[in-house]
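**Student:** what would the 3D arrangement of this be:
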Amino acid sequence: MIVIKNDKIKRILRILIPLVLIPAVCIGGSLLFDEQKHIFVSLVVAFFSLILFITGFERKVTGTRRMVLVAVMTAISVLGRFIPFFKPITAITVITAMYLGGEAGFLVGSLSALLSNFYFGQGPWTAFQMLAWGLIGFIAGLMAEPLKKNKVLLLAYGVLAGVAFSFIMDVWTVLWYSAGFDMELYLISIKAAIPHTILYAVSNFIFLLVLAKPFGDKLERIKIKYGV
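**Tutor:** Sure thing, here's the model as predicted:
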């Protein structure tokens with residue numbers, strides 16, 4: 001297993017990868033590559049997501065146990081996407097980030113989109129889904145303590161995450177169809193997506209309300225028991 005030991009490099013990568021490199025890959029991929037090369041862009045995003053996750057390793061043993069937990073949460077998230085209309089991916093991603101760290105949250109969100117789309121359909125939109133869910137998880141990790149302590153804040157974050165997901169996907173819509181960013185088209189896309197945005201927000205609210213405590217309690221016990 002690769003372990004990044006230099007703390008300074010870790011700090012730089014934790015900022016650079018989710019906020020600069022992956023967004024650049026998504027935007028550049030949508031502008032420079034045709035539809036046949038979309039899977040390459042998604043795999044590059046997955047690679048950077050894994051590197052980001054590795055920056056969270058403190059010790060080799062702890063990192064391995066954390067990886068197993070993330071694999072389980074990713075599997076649950078992917079299976080949950082088969083639920084009609086209401087999807088728990090955002091909730092599972094947020095819960096993972098709260099208890100296992102923002103890097104883990106980014107990886108779960110990112111891989112959930114990539115893996116589930118092998119069934120639902122890969123496309124140029126996949127990389128942006130990976131970015132959107134990944135960022136939602138990463139930011140939840142940064143806000144972990146307040147989100148754990150305040151249920152209202154957690155539910156509000158879930159609602160805002162639904163809106164943010166829609167807004168990010170609307171960026172893809174504009175870039176893909178206009179070969180560049182057009183603010184007028186972006187606003188039209190946001191307006192057209194309002195029903196879906198509401199569904200995302202409500203879905204996140206419900207799943208976080210139902211799943212946050214039981215999943216959180218189990219993850220907390222596992223962290224204590226195995227020293228994750």
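**Student:** when you work out contacts or count neighbours from here on, use the C-alpha atoms and nothing else.
**Tutor:** Fine.
**Student:** which residue is nearest the centroid of the chain?
**Tutor:** G134 (2.1 Å; Cα atoms, centre = their mean).
**Student:** pull the helix or strand with minimum mean pLDDT from this structure.
**Tutor:** None of the helices or strands of the chain scores lower by mean pLDDT, DSSP states H and E than helix 60-80, at a mean of 84.
**Student:** can you pull out the residues in contact with the very next helix or strand once past it?
**Tutor:** Note on helix 60-80: by DSSP states H and E, the next helix or strand toward the C-terminus is helix 89-100. For helix 89-100, contacts defined as Cα atoms under 8 Å, 6 or more residues apart in numbering pick out 66, 70, 73, 76-78, 80-81, 103-106, 108-109, 112, 133-134, 136-138, 140-141, 143-145, 147-148, 158, 161-162, 204, 207-208, 211-212, 215-216, 219-220.
**Student:** now do the least confident helix or strand of the chain against helix 89-100, angle only.
**Tutor:** 160 degrees (axes from the mean of the first three to the mean of the last three Cα atoms, to 10 degrees).
**Student:** so what's the gap between helix 60-80 and the chain middle?
**Tutor:** 14 Å (Cα atoms, centre = their mean, to the nearest Å).
**Student:** restricting to C-alpha, output that helix in CSV.
**Tutor:** Below are the C-alpha coordinates for helix 60-80, written out as CSV (Å, rounded to 0.1, in the frame of the first residue of the first chain):
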residue,chain,number,x,y,z
LYS,A,60,-0.4,1.5,7.3
VAL,A,61,-2.6,-0.7,9.5
THR,A,62,-5.1,2.1,10.2
GLY,A,63,-5.2,2.9,6.5
THR,A,64,-6.0,-0.6,5.5
ARG,A,65,-8.9,-0.8,8.0
ARG,A,66,-10.2,2.6,6.8
MET,A,67,-10.0,1.3,3.3
VAL,A,68,-12.2,-1.7,4.2
LEU,A,69,-14.8,0.6,5.8
VAL,A,70,-14.8,2.9,2.7
ALA,A,71,-15.3,-0.1,0.4
VAL,A,72,-18.3,-1.2,2.5
MET,A,73,-19.8,2.3,2.5
THR,A,74,-19.3,2.5,-1.3
ALA,A,75,-21.0,-0.8,-1.9
ILE,A,76,-24.0,0.4,0.2
SER,A,77,-24.1,3.6,-1.7
VAL,A,78,-24.0,1.9,-5.1
LEU,A,79,-26.8,-0.5,-4.1
GLY,A,80,-28.9,2.4,-2.7
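**Student:** thank you, goodbye.
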